[in-house]
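Trainee: Structure, please.
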Amino acid sequence: IKRLFQLIPILFVISVVAYAIIELPPGDFADFYISSLRATGVTVLEDEALRIKEQYGFNAPIVERYWRWLENIIFHGNFGYSFEYQKPVNEIIAEKLPLSIGLTLGALIISWAIAIPIGIYSAIYQYSKFDYFFTFIGFL
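Mentor: Residues are numbered from 1 along each chain as shown. This next block holds a predicted model:
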């Protein structure tokens, strides 16, 4: 229980750092979207640009945007909308998660298949040449 309570501030710090990294690049999606529209020859007036920023919430202060983002994740399970993929982030995670889990389980099984026999061998033949070799490889 103590570790669970210690987890809360750690998750908070991780979320702040992750959000800061998201916000680091200059501009936002609305600026990119408006500039790409203008590059294709579409005339975007300033009031239209402000409406787009307001629609996506980019006109709010960064702290307010962070709390809205965090609230949507915690209370609604909504990770937002991906402007790059043009669909909700939850859908993207649902598509990629099975492959990630499969890859992780495969790596875990392979590592256990290698580590357990080496551990048994090293325990039985302690201080042998192969024990030192496997220990050295393990440190690498």
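
Trainee: So which bits of the helix ranked longest in the chain are buried?
Mentor: Selection of the longest helix in the chain by residue count, based on DSSP state H, yields helix 89-124. Buried residues in helix 89-124, counted by 16 or more other Cβ atoms under 10 Å: 118, 122. All C-beta spots, glycine's among them, are computed from the backbone N, C-alpha and C.

Trainee: With adjacent residues omitted, what lies nearest to residue 134?
Mentor: Spatial nearest neighbour of residue 134, excluding adjacent residues (Cβ to Cβ, 6 or more residues apart in numbering): residue 118 at 4.8 Å.

Trainee: can I assume the one you found is in contact with residue 135?
Mentor: No - contact between residue 118 and residue 135 fails when scored by Cβ atoms under 8 Å: they sit 9.1 Å apart.

Trainee: Starting from residue 73, give me the distance back to the residue nearest the centre of the chain.
Mentor: Central residue of the chain (Cα atoms, centre = their mean): residue 18, 7.7 Å from the mean position. Look at residue 18 and residue 73: by Cβ to Cβ, to the nearest Å, they are 11 Å apart.

Trainee: What are the contacting residues of stretch 114-126?
Mentor: Stretch 114-126 has contacts (Cβ atoms under 8 Å, 6 or more residues apart in numbering) with 130-131, 134-135, 138.

Trainee: Next, format those residues as a markdown table and append distance to residue 66 and neighbour count.
Mentor: Shown next, in a markdown table, are the contacts of stretch 114-126 (distance: Cβ to Cβ, whole Å; neighbours: other Cβ atoms under 10 Å):
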| residue | distance to residue 66 | neighbour count |
| --- | --- | --- |
| 130 | 54 | 11 |
| 131 | 52 | 16 |
| 134 | 48 | 19 |
| 135 | 47 | 13 |
| 138 | 42 | 12 |
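
Trainee: so how far is stretch 115-130 from its chain's centroid?
Mentor: 38 Å (Cα atoms, centre = their mean, to the nearest Å).

Trainee: Stretch 38-57 too?
Mentor: The mean C-alpha position of stretch 38-57 is separated from the chain mean by 29 Å, Cα atoms, centre = their mean.
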